[in-house]
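Novice: whatever this is, show me its structure:
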Amino acid sequence: MHRPYLLAARQPAAQCAVRRSPAEHRVLRVHDPAVRAMTDFLSDPPLTVAEDCTLSAALDEMFRSGVRAFLVARELTVVGLVTAEDMHGTAAQCVAECMTPASQMPAIDWQTMLASRVADLLEIFAGASVGHLVVLESESASRARVRGLVHRSRVERRLHPAEDTF
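Specialist: Next comes the predicted model:
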């Protein structure tokens, strides 16, 4: 049975999206702790989008926010993940039609993150062929909280900052 994934109680879900501070730009090394590679929602509120948000509004907000993925939320419950790639070239009209449902989101447990290195994340990304990993922290046997998000492209850019072209 699928456990509900919750947003932190102090972070209300937005009708379309919530702004966030710019992402970290520190250089990563493959032997660094994996937690250095994630956006931690305890310190940086998650960007969310409602299921009924139009694709054009969601894409506009992604562009303004400088991100390529949003958690899809209904009240304080995460119901999915939507990426710019999911929305590109689709005939869908709203986010719910093209999101990855919560039960199918690529995820990693918080305790596993604490024990892992950046190299481990790279192996997961390569093996699973995914662009994002949702970090889940168990609250109980029946509930988990979305603790953070790891963006494959950000990890790769931070590993090779000299290769970035602006």
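Novice: what about the residue nearest the centre of the chain, which helix or strand?
Specialist: For the chain, the residue nearest the mean C-alpha position is residue 149 (3.7 Å; Cα atoms, centre = their mean). Assessed by DSSP states H and E, residue 149 sits inside strand 144-151.
Novice: ok, back up a step: out of everything not next to it in sequence, what's closest to the residue nearest to the centre of the chain?
Specialist: Excluding its sequence neighbours, the residue lying closest to residue 149 (Cβ to Cβ, 6 or more residues apart in numbering) is residue 39, at 5.0 Å. Using the backbone N, CA and C atoms, a C-beta is placed for each residue, glycine as well.
Novice: need the contact list for the one you found.
Specialist: With contacts defined as Cβ atoms under 8 Å, 6 or more residues apart in numbering, residue 39 is in contact with 23, 46, 148-151.
Novice: follow-up on the earlier one: what pairs with the strand holding residue 149, parallel or antiparallel?
Specialist: Paired neighbours of strand 144-151 in the sheet (DSSP bridges): strand 5-6 (parallel), strand 39-40 (antiparallel), strand 132-138 (antiparallel).
Novice: and those: which comes nearest residue 90?
Specialist: strand 132-138 (17.7 Å; Cβ to Cβ).
Novice: you'd agree residue 81 is in a helix?
Specialist: No: counting by DSSP: H, G, I helix; E, B strand; the rest coil, residue 81 falls outside a helix, being strand.
Novice: what's the distance between it and residue 132?
Specialist: Separation of residue 81 from residue 132 (Cβ to Cβ, to the nearest Å): 7 Å.
Novice: element containing residue 155, please.
Specialist: Element membership for residue 155 (DSSP H and E) is helix 152-159.
Novice: do residue 72 as well
Specialist: strand 69-74.
Novice: what helices and strands are in contact with that strand?
Specialist: Packing contacts for strand 69-74, counted by 3 or more Cβ pairs under 8 Å, 6 or more residues apart in numbering; DSSP states H and E, involve strand 48-50, helix 55-65, strand 77-83, strand 144-151.
Novice: list the buried residues for it?
Specialist: For strand 69-74, the neighbour count (16 or more other Cβ atoms under 10 Å) marks 69-73 as buried.
Novice: quick one: the nearest residue to residue 78 once chain neighbours are set aside and residue 84, what's the gap?
Specialist: In this structure, residue 78 finds its nearest non-sequential neighbour in residue 5, 4.1 Å apart by Cβ to Cβ, 6+ apart. With distances taken as Cβ to Cβ, residue 5 is found 21 Å from residue 84.
Novice: okay, those two: which has more neighbours?
Specialist: residue 5 (25 against 15; other Cβ atoms under 10 Å).
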